[in-house]
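>>> based on what follows, work out the 3D shape:
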Amino acid sequence: MTLRGTTVLVTGGTGGIGKETARGLARLGARVVLVGRDPGRAEAAAAELRRDSGNDGIAVHTADLTRRRDLHRLAEEVLERHDRLDVLVNNVGVARERRELTEDGVETTFAANVIAPYLLTRLLLPALTSTGAGRIVNITGGVPKGRIDLDNLQGERDFVGLSHYNQTKLALMAMSYTFAERLEGKGATLNVAYPGHAYTSMNRGLTTGAYPAAARPIVPLLRAAMPVLYGRRAVVKASRSSIHLAADPRVGGVNRTYFTTRSRPAPWPDAVLDRRNRDAVWALCERLAG
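The predicted model follows:
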């Protein structure tokens with residue numbers, strides 16, 4: 001399996017699962033475009049991947065993907081600097097302990113986990129469809145189960161960090177399902193990958209307040225166990241599903257499918273299959289993306 005001659009963009013590619021995804025794709029020969037928020041960290045990640053993969057085709061773009069203006073600027077730069085785009089991996093993820101709003105007035109976790117992949121995909125779609133076989137891979141996470149609370153999508157009524165993170169990942173899946181429906185026959189596919197659990201910078205920074213009240217007494221035990229159970233090896237393992245969807249020729253024509261950690265198709269959560277949920281999330285994405 002080779003990706004020589006293709007260009008792949010990975011958001012959140014400077015650390016954690018995103019960097020391991022980028023590493024795997026670079027080893028397959030792809031030109032990899034890393035997107036990170038911190039320029040120094042992004043350049044360091046690119047240098048590491050060049051050394052490790054022997055692939056000099058690693059480019060860097062920096063942007064804060066919670067901001068609409070940064071998403072527009074990033075898309076413009078990518079379209080100007082790269083002659084093609086074959087794969088977009090929307091990997092970036094955010095979890096916050098307290099409710100915060102972006103400069104656009106959007107709750108930060110929802111902005112990063114739902115609005116960013118929606119808007120960036122929309123902006124880059126001409127390049128992705130021009131190849132006739134573009135691939136979009138959206139990465140879910142957390143525990144993608146339960147209900148989508150349409151009255152609390154941005155944590156307006158109730159906000160518990162990790163519970164809200166799970167909610168945004170369900171909303172991401174609902175948005176992805178609708179987006180994939182709209183892409184049928186248009187030269188690109190969109191699928192969702194579940195990476196499984198991994199201990200990364202995103203969850204390392206969370207304190208007890210980010211957990212549901214019932215779980216808080218065991219948080220010290222969880223924090224001690226996470227590096228052991230979900231450390232480096234788990235992060236590498238977690239990248240496999242996204243690499244599979246980005247690179248494997250056997251899924252080249254597959255669309256609107258949810259893949260688990262074993263890179264196997266799985267049933268969509270009931271909350272995602274509910275048309276009312278999908279329509280509400282899509283309408284909110286359209287409104288918040290401007």
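
>>> quick test: name the residue nearest the centre of the protein.
Geometric centre of the chain, nearest residue: residue 91, 2.4 Å, by CA atoms, centre = their mean.

>>> show me how far the helix ranked longest in the chain is from its chain's centre.
In terms of residue count, the longest helix belonging to the chain (DSSP state H) is helix 161-183. Remark: helix 161-183 is offset 10 Å from the chain centroid, using CA atoms, centre = their mean, to the nearest Å.

>>> give me the helices and strands touching whichever helix or strand comes after it, please.
Downstream of helix 161-183, the next assigned helix or strand under DSSP states H and E is strand 188-193. Helices and strands touching strand 188-193, by 3 or more CB pairs under 8 Å, 6 or more residues apart in numbering; DSSP states H and E, are helix 116-130, strand 134-139, helix 161-183, helix 240-247, strand 258-259. In short, each C-beta sits where N, CA and C put it, glycine included.

>>> list of residues touching the last one?
Strand 258-259 is contacted by residues 173, 191-194, 241, 244-245, 265-268, 272 when judged by CB atoms under 8 Å, 6 or more residues apart in numbering.

>>> cutoff 7 Å now
Identification of contacts with strand 258-259 by CB atoms under 7 Å, 6 or more residues apart in numbering yields 191, 192, 193, 194, 241, 245, 265, 266, 268.

>>> let me know the closest of these to residue 23.
Ranked by distance to residue 23 (CB to CB), those are led by residue 241 at 14.7 Å.

>>> burial count for the closest one?
Other residues near residue 241 come to 26 when the count uses other CB atoms under 10 Å.

>>> could I get the pLDDT score of it?
Per-residue pLDDT puts residue 241 at 96.

>>> wait, isn't it in contact with residue 192?
No - counting by CB atoms under 7 Å, residue 241 does not reach residue 192; the two are 9.4 Å apart.

>>> can you show me the helices along this protein?
16-27, 39-53, 68-81, 108-110, 116-130, 161-183, 201-204, 219-229, 232-238, 240-247, 270-273, 275-288.

>>> where does the protein have low pLDDT?
199-211, 213-215, 217-231 (pLDDT under 70).
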